[in-house]
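**Q** got a sequence here, can you model it:
(2 chains)
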Amino acid sequence: MAQKTLYNKVWDAHSVAILPTGQTQLFIGLHLVHEVTSPQAFDMLRERGLAVAHPERTFATMDHIVPTTTRGRPFADGQAEEMMRAIERNAREFKINLFDFPSGRQGVVHIIGPELGLTQPGMTIACGDSHTSTHGAFGTLAFGIGTSQVRDVLATQCLAMDALKVRRVQVDGDLRPGVTPKDVALFIINRLGVKGGIGYAYEYAGTTFERMSMEGRMTVCNMSIEGGARAGYVNPDATTFAYLKGREYAPQGPAWDRAVAAWRAVASEPDATYDDVVRFDAADIAPMVTWGVTPAQSVAVGSPLPDPAATPDAGERGSMETAYRYMKLKPGQSLADLRIDVAFIGSCTNGRIEDLRAAASVARGRRVSPGVKAFVVPGSMRVKAQAEEEGLKEVFLAAGFEWREAGCSMCLAMNPDQLVGDQVSASSSNRNFIGRQGSPTGRTLLMSPAMVAAAAVTGRVTDVRTLA
Amino acid sequence: MSKVTSVRGRAVPVRGDDIDTDRIIPARYLKEITFSRMGDYPFYDERFTPDGAPKAHPFNDPRFAGAEVLLGNVNFGCGSSREHAPQALARWGHPAHPGIKAVVAESFAEIFAGNCVMLGVPAATASKADVAALQALAERAPETVFTLDLESLTMSGGGLTVAVAVPESRRRALLEGSWDSTGSLLANRAKVEALAAGLPYLNGFR
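**A** Just a heads-up that it's a prediction; the model follows:
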């Protein structure tokens, strides 16, 4: 069993009791709530006559269903409007904080937590969304949960949890030019598999992560769940503290120095032990593109697609064959020059300011290829405002991209942003599952925001390094 | 809350590794603010064309109508944390049919397995060979009634008995009828508040 890791320290500091089942009752320091997975949980509280135990530690927003072309209410989609009204009513009735459009702080829940300084090292965090692992970038234990567990956290500020094992995923060295944190995430998932992380929390360590920005660390931690790991984290350091300083909910004044000292102390010890350790070399990572229907089915751009016949495991082989049929691709072919129909830049994986800067640097002075629908969806109202301040909006508009309002958009297509038929989408999001982007036959290629921008301007899957 | 010591019923195999929760229930059905109609939607896009015509899928196969145990393969329920997925399975075919009351697979995504147990639905794992034998038997003889026994940790039916595994804490929660965890968490309210009072970040880092 792992010892002296951040995981152990944070887990122990939040352990309330051992339940009769043997599970640990874990206190949750920050509960993030969104409109889709919460209405049933609030109804369960009403049915049971329960209150929200810690409304001051509960923060809600709306992201999954919001249209990105208009902020006008009521929404054209009656179901989406009803869902909006439900979260507004629930926030009022249960007195929880709500970051709605008028607040100026609405956005994808995993983007606004960090940008408001709510997400802080050493916390336990839960949210009814699998990408809650994002917050681990700050040295937190952050778990995606189901709606019945949302009920538990609302009613008790606690979860009944079994301990995870800890795998240290160590990557060392500088990333090569054109290689981004998204490529690191896709590379790790490719090597360890979509089920490799089941039962584990991932500690991302090594010089590659030490030199990575907070935005980059968030991208990597965000995709932990795509590798089967329910949580992933990076030990907090000077980069973490610099990001948090001055943010709205970050400690201020004399409390800041005390906070930094406390945060430093939660990092894994040099002599920590792990249940497993894997090592990669950053120099081996190239820009990655997925070709299949799981985030592990990926290749370095330009490499030939793998042959199922060379895969010994029958289940994996079946999974690959399903992917080839669905994606209308063939083993051995290269994705380079595959035509795309849609280019989507955004999501909790890659909807932050650094992502928009990277995409804009490719789009600057170029034009979206005729026939390609390209759009940029900032991850939050604040990201949008900052991007506009930096002139990125003009860059995208001049290049022929649409510039949208904040939301989850076409990452999961619970809103009007959806693929049609078997369109091919170059997407900076996190899942290339069958039907994920709103069409039961739609085809998603996951890649970095810069690679999506490169595909948008060429109309084809393109190695961004060739556009320099 | 009821104790779940065993689940008895016919089984429906849903073959394939990495069947994600978007496949179990497409996101557009998550726009409903209650779970009440989720039973209409399991595997919707795999069962119906965009025009609503049925496709070949075990959940459309009349031989498996009313099955209560789903037989899956590797990493079943991966992806989104949506509880709508086990809700859709558990309510499948209501009210004419009982819905899926247990899932047996080679392995599960963590969040999905946890969500199942929160509904009192056991998620049990078995070896690749044993799952293959169960799936083959259910396909060959769909009328076979299986029993998933959480006390002996076996799945048996039609003369076949295989060993299954369920994490001990979840097994106890099901056997003792404490799978709805709110009550046991509420019981420790005083301890919760004592812990919160000592957490640096809730107390100005003093």
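
**Q** can you tell me which residue sits nearest the middle of chain B?
**A** B:Cys116 (4.3 Å; CA atoms, centre = their mean).

**Q** what helix or strand is that residue located in?
**A** Secondary structure assignment for B:Cys116, by DSSP states H and E: helix B:110-118.

**Q** and for that helix, what's in contact with it?
**A** The contact list for helix B:110-118 (CB atoms under 8 Å, 6 or more residues apart in numbering or on different chains) reads A:130, A:144-149, A:198-199, A:225, A:228, A:230, B:21, B:76-78, B:81, B:83, B:85-86, B:103, B:108, B:122-123, B:170, B:173-174, B:179-181. Backbone N, C-alpha and C define where each C-beta goes, glycine included.

**Q** in it, what's buried?
**A** B:Glu110, B:Ile111, B:Phe112, B:Ala113, B:Gly114, B:Asn115, B:Cys116, B:Val117, B:Met118 (16 or more other CB atoms under 10 Å in any protein chain shown).

**Q** any idea how far the fourth one lies from B:Pro42?
**A** What it means is B:Ala113. 17 Å (CB to CB, to the nearest Å).

**Q** and A:Ala229, what is it in contact with?
**A** A:Ser133, A:Arg167, A:Gly196, A:Gly197, A:Ile198, A:Tyr200, A:Ala201, A:Tyr202.

**Q** adding neighbour count and pLDDT, write those residues out as a markdown table.
**A** What follows is the contacts of A:Ala229, written out as a markdown table (neighbours: other CB atoms under 10 Å in any protein chain shown; pLDDT from 0 to 100):
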| residue | neighbour count | pLDDT |
| --- | --- | --- |
| A:Ser133 | 34 | 98 |
| A:Arg167 | 24 | 98 |
| A:Gly196 | 21 | 97 |
| A:Gly197 | 28 | 97 |
| A:Ile198 | 21 | 97 |
| A:Tyr200 | 26 | 98 |
| A:Ala201 | 28 | 98 |
| A:Tyr202 | 32 | 98 |
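
**Q** which one of these is nearest to chain B?
**A** Closest to chain B out of those is A:Ile198 (5.9 Å), distances taken as CB to the nearest CB.

**Q** check whether that closest one sits in a helix, strand or coil.
**A** coil (DSSP: H, G, I helix; E, B strand; the rest coil).

**Q** same check, this time on A:Gly435
**A** A:Gly435 ends up coil, using three-state DSSP.

**Q** ok, and the closest non-adjacent residue to it?
**A** B:Asp45 (5.1 Å; CB to CB, 6 or more residues apart in numbering or on different chains).

**Q** which SSE is that neighbour in?
**A** Going by DSSP H and E, B:Asp45 is part of helix B:44-47.

**Q** and the next helix or strand past that helix?
**A** strand B:69-71.

**Q** helices or strands up against that next one?
**A** strand B:11-13, strand B:102-105, helix B:128-140 (3 or more CB pairs under 8 Å, 6 or more residues apart in numbering or on different chains; DSSP states H and E).

**Q** can we see that at 10 Å?
**A** strand B:6-9, strand B:11-13, strand B:102-105, helix B:128-140, strand B:146-149, strand B:154-157 (3 or more CB pairs under 10 Å, 6 or more residues apart in numbering or on different chains; DSSP states H and E).

**Q** for A:Glu115, find the nearest of those.
**A** strand B:102-105 (38.4 Å; CB to CB).

**Q** could you list the low-pLDDT ranges of chain B?
**A** Within chain B, no range satisfies pLDDT under 70.

**Q** can you show me the strands along the stretch 1-150 of chain A?
**A** A:15-18, A:24-27, A:30-34, A:58-61, A:97-99, A:124-127, A:141-144 (DSSP state E, counting those that start in this stretch).

**Q** right, so those strands: which one is the most enclosed?
**A** Highest mean neighbour count of the strands of the stretch 1-150 of chain A: strand A:141-144, a mean of 29 (counted as mean count of other CB atoms under 10 Å in any protein chain shown).

**Q** helices or strands up against that one?
**A** So strand A:141-144, by 3+ CB pairs under 10 Å, 6+ apart, packs with helix A:6-13, helix A:109-115, strand A:124-127, strand A:158-161, strand A:200-205, strand A:231-234, helix B:110-118.

**Q** try 8 Å
**A** Using 3+ CB pairs under 8 Å, 6+ apart, strand A:141-144 sits against helix A:6-13, strand A:124-127, strand A:231-234.
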